[in-house]
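[1] how would this look folded up:
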Amino acid sequence: MDDRLPGDRASECRARMEPIAIAVRGAGEWVIVHRCTGCAELSSNRTAGDDNPLSLMRIATRPLAQPPFPLEHLTRL
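    All right, here's what the predicted structure looks like:
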């Protein structure tokens, strides 16, 4: 398949996939979790040797940089 055509080629909506997280499988293998911008379906793909390491780290650290709650709530714990 031609990687110049973004989107989930297996889905009916064929909308663009947005990377939302990094997960680590049992053997330490990183996978990128994507959400479809059309139907919100989630999928995961192994990282590849030519993936940009800085981009992967940005995805992995996004929850720390943009937490889902105000950080002030941590002081109340």
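[2] and Ala48, how many neighbours does it have?
    7 (other C-beta atoms under 10 Å). C-betas here are computed from N, CA, C, even on glycine.
[3] can you confirm it is in a helix?
    No: Ala48 is assigned coil when assessed by DSSP: H, G, I helix; E, B strand; the rest coil, not a helix.
[4] okay, it: pLDDT?
    If you check Ala48, the pLDDT there is 92.
[5] any idea how far Pro63 is from it?
    Applying C-beta to C-beta, to the nearest Å, the value for Ala48 to Pro63 is 23 Å.
[6] quick check: mean pLDDT of stretch 53-61?
    Stretch 53-61 shows a mean pLDDT of 94.
[7] contacting residues for Pro53?
    By C-beta atoms under 8 Å, 6 or more residues apart in numbering, Pro53 lies in contact with nothing.
[8] give me phi/psi at it?
    phi -60, psi -40 (degrees, to the nearest 10).
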